[in-house]
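>>> Model the following, please.
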Amino acid sequence: MPLLVPGTTCWKLARARRLSLIQDAGPAFASIADAMEAARETIFIVGWDLDSRTPLRPQPGTQQAPSGPQADRGRGGPLQGGALLPLLLSCLARQPRLQIFILIWDYSVIYAFEREPRPREQFGRAHPRLHFALDADHASGASHHQKIVVVDDEVAFVGGIDLTMHRWDQPRHLIHDPHRIDGEGKPYDPFHDVHAAVAGPAAAALGELARARWGVRRGRARTPPLAEGRTICDWPAALPVDATDIEVGFARTYLRDGQAPVKEIEALTLAALGAARRWIYAENQYLTSNAVVRALAARLTESDGPEITVMLPEIEAGWMERGSMGVLRARALAFLRAKDLYGRLRLVSPRVSAGAEARAVNVHAKVLVIDDLLAKIGSANFSNRSMGLDTECDLAVEATDAASAAFVASVRDRLLGEHLDLPAAQVAARLAASGSLCHLIDHQVATAAYGLVPVPDATDAPVDLTVFDGAVVDPEEPWSLEAFMERAVPVPLRRRLARRWLRPLGLALGLLAIWALFRRGPLRDFHLATAALHVGSRLAAEPAGPFLAVGIIAVASALFVPITLLGTTTLAVFGGWPGVPVAWIGAVLGATLSHAVGLRLGTRVMRWLPGRVESNLRRLLRERAFWTVVFMRLLPVGNFGALNLLAGAFRIPRRSFVLGNIVGMAPGLLGLGVFVDRAREAVRHPSRLNVAIALAVAVLTTVLTVILKRRLLGAGRRARLPAAVVAGAATVAPSPAPEPRP
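Sure thing, here's the model as predicted:
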């Protein structure tokens, strides 16, 4: 059975006329710069991060040419100067037809201090033909994490390397490299990453993917059509070709509201781990994915399972990562070590040394090699979010002939050679002689300047940020309050808290805040009742008062102010006439406004709804739009503004929605008008008769509401409608889960 199956474990298969494995960002940046300088029509840059100061070719000087395993691969030589944005502008100046499209993640504020400030101003205003956008088109809590560069749809780069700072390094990973500096000129530790380059139809496939990511939102500049099947861009001269005319597959992770999730990377990873017979070799920044850890543990417990070597960073970068992903990784590593019944697991980290000085190499690569069967290079970490939440792209090669099998083996051998300071051929010879990855690692030269050392046991994190057991740090699904509550609080306790404590506590805190505001705060000299009466009397006395009240009701109801409160206030100010028409017209206009907003926002409105409630409401509103709207207006089944937004998001026809509001709002406002009118009369003339009439109207209104609700419930059951929806699921609150049985 093949591992790369389009539609299941990969998006599509495509032929690569040329394919190259690129070790580390120094050679990758230089090759990308060469390709972009040869561009004629289009350059697409899709990434997690971007920095205009990225050193694609650090300035010549003390930089040493690569040696060792890379020296015979043509990646040495003098390095030329150049940062990303100046290079892009020079390309645009030389080529009048060239257009550049840059799409990066609209990042979370927690990364603000790690990134170049104001990227939109840096790139978006640099040139009319340089189009820049921040991408937020993904599920709640997700990020755009793909790292792709496509030049003229003919040459493309994909892998784990972003065109940003703190990435540049050479495969030698010198302890002191004058060119390994950040944007402020400060040095940073050795950094390891892996990328791949392709030419031909495989590059065109990545061009198609980049266009899809760019064009998913309206308002962005239109992209030229795909330039498939014609060679207009040269392969970078200094980039060696590792394979020719080879088939590659592209796997993705993509989750967007309203669409079926794409989890090809997870499917491919699990299928590959299950297919391993001799060796599993992986390099990854993280190891926190529940699915991946379980799959590795299952292979470790097999008596004849494969050897597993996972190369990870020695320690996470920064206190925030150590307190979040580091805590989760420590749990995963302890679990795997406990499952290593036959001693086939090696969890290692690369180190370089010079004399008495040593440095850990920061691992950012995302590589998986299974036997000589499959090699996968891309952007996806072994994390929950990369497997099912973030936007990712991996390139994979499956061994179907001698050439592809040789490339798969070379990926493992070259990467191990980089970390052990051995030529790839010698790594292959040692593996062939011993037949063991573990033997190769265990018998490395102890005094060598390069080596793989065991990942240390977990140290105490400065602070544990794994809130809700990873639901925030490394979630498997989009962020939602419902998911957090399900992870953090047991169901019985959640029910008791919600019913007995949270609502009363919230009400009490709200009242206390209002009291403090008016008695101890800046409004202590403000007499609310007097001001309200004054405003109300002025509004009622003005000829334009009713029209102004209509506008206030429309806007306030669209901002989720309860329509009952607005209606009661309007009737108290204007009386039954013109209070009822004013409240009626204002409510209908507010509903129409909210419907238009919901129509505009679309599926983003529904992300807070439980799936069951969403499906039931969607069916009811689409199948019986007019009568469902009438019912929702006759009975207080949910927040007025929220229901209007949902109706727009479900694309309920505006005509049916407006007519339903016109018909449904009238009886309730008429009844409310009678009650408020009698109540006002009882307050003004508190006779027994007026008080009795007010109470009678209140009781009659309540009884009629209960009778109508029961009749509609019965009709809903007879029509096989979900009772939960008819009875109040439209309140946009999940029903409590049943008590677990002992």
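>>> What distance do you get for Ile104 to Ser386?
Distance, Ile104 to Ser386, using Cβ to Cβ, to the nearest Å: 17 Å. To be clear about C-beta, it is placed using only N, CA and C from the backbone, and glycine gets the same treatment.
>>> Looking at the two, which one has more neighbours?
The neighbour comparison of Ile104 against Ser386 (other Cβ atoms under 10 Å) goes to Ser386, with 29 against 25.
>>> wouldn't that one be in contact with Gly378 here?
No: Ser386 is beyond contact range of Gly378, at 9.3 Å (criterion: Cβ atoms under 8 Å).
>>> intersection of neighbour lists for the two?
265, 392 (Cβ atoms under 8 Å, 6 or more residues apart in numbering).
>>> Might you list the low-confidence residue ranges for the stretch 301-450 of the chain?
Scanning the stretch 301-450 of the chain for pLDDT under 70 picks out 318-324.
>>> ok, now the stretch 51-200 of the chain?
59-81, 107-115, 138, 140.
>>> any idea where the helices of it begin and end?
84-94, 119-124 (DSSP state H, counting those that start in this stretch).
>>> Give me whichever of those helices is most buried.
helix 84-94 (a mean of 18; mean count of other Cβ atoms under 10 Å).
>>> Can you name the residues in contact with that helix?
Residues contacting helix 84-94 (Cβ under 8 Å, 6+ apart): 33, 36-37, 39, 43, 50-54, 56, 98, 100, 122-123, 126-127, 129-130, 163.
>>> Mind checking which of those are buried?
Buried by 16 or more other Cβ atoms under 10 Å: 33, 36-37, 39, 43, 50-52, 54, 56, 98, 100, 122-123, 126-127, 129-130, 163, out of those.
>>> Could you list which of those residues belong to strands?
Counting by DSSP state E, those place 43, 100, 130 in strands.
>>> Dump those into CSV; add distance to Val411 as well.
Output for those, formatted as CSV (distance: Cβ to Cβ, whole Å):
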residue, distance to Val411
Ile43, 27
Ile100, 31
Leu130, 34
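>>> Under a three-state scheme, what state does Pro251 occupy?
Not Pro; residue 251 is Ala. strand (DSSP: H, G, I helix; E, B strand; the rest coil).
>>> what's near enough to touch the residue nearest to Glu154 when sequence neighbours are not counted?
Excluding the flanking residues, the one nearest Glu154 by Cβ to Cβ, 6 or more residues apart in numbering is Cys233, at 4.2 Å. Counting by Cβ under 8 Å, 6+ apart, Cys233 makes contact with 35, 38-40, 151-152, 154-155.
>>> do that again at 10 Å, thanks
Residues in contact with Cys233 (Cβ atoms under 10 Å, 6 or more residues apart in numbering) are 35-36, 38-43, 150-156, 199, 203, 227.
>>> From these, list the buried ones, please.
35-36, 38-43, 150-156, 199, 203, 227.
>>> Of all the residues in stretch 405-415, which ones are buried?
405, 407-415.
>>> can you check stretch 195-213 too?
195-211, 213.
>>> now, which of the residues you listed lie within strands?
Using DSSP E, the buried residues of stretch 195-213 in strands are 195-199.
>>> I'd like the residues you listed written out as TSV, with distance to Asp242 added.
Converted to TSV, those look like this (distance: Cβ to Cβ, whole Å):
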residue	distance to Asp242
His195	12
Ala196	9
Ala197	9
Val198	11
Ala199	12
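>>> for the record, mean pLDDT for stretch 553-564?
What stretch 553-564 shows for mean pLDDT is 74.
>>> let's have the chain start at 19 instead
Yes, from this point I'll number from 19; that puts the last item at stretch 571-582.
>>> in that stretch, what counts as buried?
For stretch 571-582, using 16+ other Cβ under 10 Å, the buried residues are 571-572, 574-576, 579, 581.
>>> cool, stretch 371-391 as well?
Buried, per 16+ other Cβ under 10 Å, within stretch 371-391: 377, 379-391.
>>> could I get the buried residues of stretch 423-433 as TSV with distance to Ala714 and secondary structure?
Converted to TSV, the buried residues of stretch 423-433 look like this (distance: Cβ to Cβ, whole Å; DSSP: H, G, I helix; E, B strand; the rest coil):
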residue	distance to Ala714	secondary structure
Ala423	89	helix
Phe425	87	helix
Val426	85	helix
Ala427	89	helix
Ser428	90	helix
Val429	84	helix
Arg430	86	helix
Asp431	91	helix
Arg432	89	helix
Leu433	85	helix
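>>> mind checking the SS state of Asp322?
Following three-state DSSP, the label given to Asp322 is coil.
>>> returning to what we had before: and which of the ones in strands among the buried residues of stretch 213-231 is nearest Ile326?
Nearest to Ile326, judged by Cβ to Cβ, of those is Ala214 at 23.1 Å.
>>> Check the gap between that closest one and Phe47 for me.
14 Å.
>>> now do Glu320
Taking Cβ to Cβ, one finds Glu320 at 42 Å from Phe47.
>>> okay, those two: which has more neighbours?
For Glu320 versus Phe47, the count of surrounding residues by other Cβ under 10 Å is larger for Phe47: 25 against 11.
>>> Report the contact partners of the residue nearest to that one when sequence neighbours are not counted.
Excluding its sequence neighbours, the residue lying closest to Phe47 (Cβ to Cβ, 6+ apart) is Leu74, at 4.4 Å. Residues near Leu74 by Cβ under 10 Å, 6+ apart: 43-44, 46-52, 54-55, 97-102, 104-106, 181, 186.
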